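> I would like to see how this sequence folds:
(one chain, ligands or ions: 1)
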Amino acid sequence: MAENLYDVIVIGGGPGGYTAALYAARANLSVLVLEKLTPGGQMGTTEIIENYPGFPEGIGGFELGMQMKEGAERFGAVTKLSEVVSVELSGAVKQVHTQDGDYQSHTVVLASGAHPRELGLPGERELRGRGVSYCATCDGMFYRGKTVVVVGGGNTAVADVLYLSRLCKKVYLVHRRDELRASKVYLDPLQKAENVEFVWDSEVKELLYGETVTGVRVKNKKTGEDRELSCDGVFVAVGYIPNSDLFKGQVDLDESGYVLAGESTKTNLPGVFAVGDLRKKPLRQVVTAASDGAVAAHFIEEYFTTSIGG
Ligand code: NAP
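Prediction:
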């Protein structure tokens, strides 16, 4: 039993999780990182990250994820690829149950991130992999030379449009307003991309499909006009939903499901910390997730000194 008892269990192997793991392991604490799929979290599906300092040419998201994992493992953190199915976080010893076994720890770092929001249209789920995608860098290559629609107006949508415009014959950007939410840094390259057509003030009302997607029907909210856009694929980039279902009823969440933890990353439960995109915060970036991880490890060390007696 004792071999499954850790000082720190990190749930989620993204930049927040692996930074917490690095700092905690380097402080000589025993650390287990539980990751469902592949290390890196959402970063792993990002082609290139240009706003994480220290990489003047940018770095591939998957590569950065693997390097963060290696950095933590160098100090003794252990990774297990297994899905967490339930947790009991309120006791002094926390219980974490996975598909492959049960683990205990004195502290837990919640680092499970967020997943893409769906449009909620009929056929959307069934068409996943047959024309509907939530990850341009994962699936874009299937649409080389074809026509695609990207839905959304934030940084993800615009980065997806730029990526796809280099691969595809034509890219429609369908946004529900006439102004993008995305950072200004994207606007210039976006204007220069000749194969991009903006469809403003419009919502996708229907997916058109046979075996695969053949188009979308959009409605202009200002004019009420309906329009069909023929396309081979639809990339949905309308924001994220926090992966906090496992923690509901135990840690305090806001109305959207983000964990309330503040800048200290401390949740309402002693010994439980929340980092990265899962936490209610003003800016969700790799660098802010990494920062959270370092802060969490700092307060974990404090917790061991003050609550467990070092
Ligand atoms: P986001 O910033 O929340 O933007 C979501 C976009 O989708 C908004 O334009 C929103 O429209 C639209 N939208 C939301 N629900 C919709 C619906 N049901 N139907 C149609 N449109 C809908 O999400 P994000 O772009 O995925 O970015 C998430 C976070 O990751 C942000 O903090 C972002 O800065 C960060 N990120 C950063 C980078 C980068 O810095 N390079 C790249 C990717 C992501 P409204 O504008 O009308 O609300």
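
> tally of neighbours for residue 97?
15 (other C-beta atoms under 10 Å). (Glycine included, C-beta is placed from N, CA and C.)

> hang on, I meant residue 288
Residue 288 has 18 neighbours, counted by other C-beta under 10 Å.

> didn't it look like it was pressed against residue 281?
Yes - contact between residue 288 and residue 281 holds when scored by C-beta atoms under 8 Å: they sit 6.7 Å apart.

> how about whichever residue of the stretch 101-250 of the chain sits closest to the ligand, what does it touch?
For the stretch 101-250 of the chain, the residue closest to the ligand is residue 154, as judged by C-beta to the nearest ligand atom, at 2.4 Å. Shown in contact with residue 154 (C-beta atoms under 8 Å, 6 or more residues apart in numbering): 180, 181, 182, 237, 238, 239.

> just those that are near the ligand?
181, 237, 238, 239 (C-beta under 6 Å from any ligand atom).

> now the third one, nearest residue through space, not along the chain?
Leaving aside its sequence neighbours, residue 238 sits nearest to residue 152 (C-beta to C-beta, 6 or more residues apart in numbering; 4.6 Å).

> so how far is residue 101 from the spatially most central residue of the chain?
Centroid-nearest residue in the chain: residue 42, 3.9 Å away (criterion: C-alpha atoms, centre = their mean). Residue 42 is 26 Å from residue 101, where distance means C-beta to C-beta, to the nearest Å.

> interface residues of the protein facing the ligand?
Near the ligand, when you scan the chain using C-beta under 6 Å from any ligand atom, you find 51, 119, 151-157, 159, 176-177, 181, 183, 237-240, 283-285.

> which among the residues you listed count as buried?
119, 151-157, 159, 237-238, 240, 284-285 (16 or more other C-beta atoms under 10 Å).

> so which of these belong to helices?
Residues of these located in helices (DSSP state H): 155, 156, 157, 159.

> what is the neighbour count of the nearest residue to the last one once chain neighbours are set aside?
With C-beta to C-beta, 6+ apart as the criterion, residue 159 has its nearest non-adjacent residue at 6.8 Å, and that residue is residue 186. Residues near residue 186, counting by other C-beta under 10 Å, number 16.

> I figured residue 134 hits residue 239, correct?
No - if you go by C-beta under 8 Å, residue 134 and residue 239 don't touch, sitting 10.8 Å apart.

> pull out the buried residues from the helix or strand hosting residue 290.
In this structure, residue 290 is located in helix 286-303 according to DSSP states H and E. Using 16+ other C-beta under 10 Å as the test for burial, helix 286-303 gives 286, 288-301, 303.

> cool, and stretch 97-113?
Buried residues in stretch 97-113, counted by 16+ other C-beta under 10 Å: 98, 103, 104, 105, 106, 107, 108, 109, 110, 111, 112, 113.

> what about the strands in the stretch 201-310 of the chain?
Here the stretch 201-310 of the chain has its strands, by DSSP state E, counting those that start in this stretch, at 202-209, 213-220, 226-230, 233-236, 240-242, 272-274.

> which strands or helices does the third one pack on?
Strand 226-230 sits against strand 202-209, strand 213-220, with contacts defined as 3 or more C-beta pairs under 8 Å, 6 or more residues apart in numbering; DSSP states H and E.
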